[in-house]
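Colleague: Sequence plus the predicted model coming up.
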Amino acid sequence: MMKLLCFSLLLIAASCMKSPTQYEYSDGSANRYVITENTLEYIPVKPEESSTGMYSGGEPKLVSITNDQYKTVASLFETAFENTNAHMTDRPKMSGLIVSITGNTSQQAILKPNSEEKTNIESQLKAMLNNH
């Protein structure tokens, strides 16, 4: 009986823990950035995937990030989600796509090409990649 009680409490505690949020960003050329609590992964477009058949986003890269860097990115994404004036419904070239995934829940928004939110996210991600 005690084992069953302990197991039940463990299950309840595990279900109450909040899953860490993963963020994803696709830039205007469809290069992808995947941000977890510990890593930033850059997944570039290959020429065969580009609309022209010639564009290359460069080399893929995976870097470790600090908790502070993760929090900075999370804050930029949350600000971008909240500012619906920076959003648009269609995804033309040069726009940005932001996604957040927490457990089984996800949300996404398309950022206008010249929005401050898009610029801030891209600047932060590029700085984090270039510092490694």
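Modeller: That came through fine. Residues are numbered from 1 along each chain as shown.
Colleague: Work out for me the element residue 34 sits within.
Modeller: With the criterion set as DSSP states H and E, the secondary-structure element containing residue 34 is strand 32-35.
Colleague: Just checking: what are the partner strands of that strand?
Modeller: Using DSSP bridges, the strands paired with strand 32-35 are strand 21-26 (antiparallel), strand 39-43 (antiparallel).
Colleague: Would you map the strands across this structure?
Modeller: Applying DSSP state E to the chain gives strands spanning 21-26, 32-35, 39-43, 61-64, 87-88, 96-102, 105-111.
Colleague: Apart from its neighbours in sequence, what residue is nearest residue 102?
Modeller: Excluding the flanking residues, the one nearest residue 102 by CB to CB, 6 or more residues apart in numbering is residue 21, at 4.5 Å. Heads up, the C-betas are built off the backbone N, CA and C, glycines and all.
Colleague: Hmm, I typed the wrong one, I wanted residue 51.
Modeller: Counting by CB to CB, 6+ apart, residue 93 is the residue found nearest to residue 51 once chain neighbours are left out, at 7.9 Å.
Colleague: For that neighbour, give me the pLDDT.
Modeller: Residue 93 is assigned a predicted lDDT (pLDDT) of 87.
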